Structure formats: structure tokens, C-alpha cells
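# let me see the structure of the following:
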Amino acid sequence: MQDLWNTISKYPKFLISVILGVFFNLAQPIVPLLKNPITAIALIGALVGAFLCTTFILRGMLAV
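The predicted structure follows:
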């Protein structure tokens, strides 16, 4: 029974490492774009716009 709990306790560590690996690999091509000020401003503006769009859509759907 102890072996079972040792194995189960390893799953959260695995999940965290997979999530961090995915985010690292997604961010890697974006980092060079942040070195140019024009593309950095456009990228930040796109991220803020996507966040605001998602917020307004969820508020409309949930009638908050």
C-alpha cells in the first residue's frame, strides 16, 4: 500500500513539470519579438486586447 501512495504522490510533480515545459516552449519563440520595441508594444497590446475581449464575453454570457 505504501508503494501505491508513493507512486500517486509523484503525479502532481509530473503535472507541474509538464505544464511548465509547455509554457516554456510556447514562450520561447515570443522572447525575440520583445527585443524590438514596436513588436513588443504590438504583442502586449494584443495580449491586453485578448484578455479584455475574453472578460467582456464572459461577463455577457454570465450576465454579471
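# could you count how many residues lie near Ala42?
Using other Cβ atoms under 10 Å, the number of residues around Ala42 comes to 12. In short, each C-beta sits where N, CA and C put it, glycine included.
# from Thr7, how far off is Phe23?
As defined by Cβ to Cβ, to the nearest Å, Phe23 lies at a distance of 26 Å from Thr7.
# Pro29 in helix, strand or coil?
Put simply, Pro29 is coil when judged by DSSP: H, G, I helix; E, B strand; the rest coil.
# and the next helix or strand past the helix or strand Ile19 falls within?
Element membership of Ile19 [criterion: DSSP states H and E] is helix 2-27. Using DSSP H and E, the helix or strand that directly follows helix 2-27 along the chain is helix 37-62.
# name the residues of that next one that are buried.
Neighbour-count burial for helix 37-62, counted by 16 or more other Cβ atoms under 10 Å, picks out no residue.
# got a list of contacts for stretch 38-48?
When contacts are defined by Cβ atoms under 8 Å, 6 or more residues apart in numbering, stretch 38-48 is touched by residues Ile30, Leu33, Leu34.
# so who does the last one touch?
Which is Leu34. The neighbourhood of Leu34, defined by Cβ under 8 Å, 6+ apart, consists of Ala40, Leu43.
# and the residue nearest the centre of this structure?
Geometric centre of the chain, nearest residue: Phe23, 5.9 Å, by Cα atoms, centre = their mean.
# state the distance from that residue to Arg59.
Spatial separation of Phe23 from Arg59 under the definition Cβ to Cβ is 27 Å.
# same deal with Thr7?
Between Thr7 and Arg59 the distance is 43 Å, computed by Cβ to Cβ.
# before I go, just wanted to say thanks for your time.
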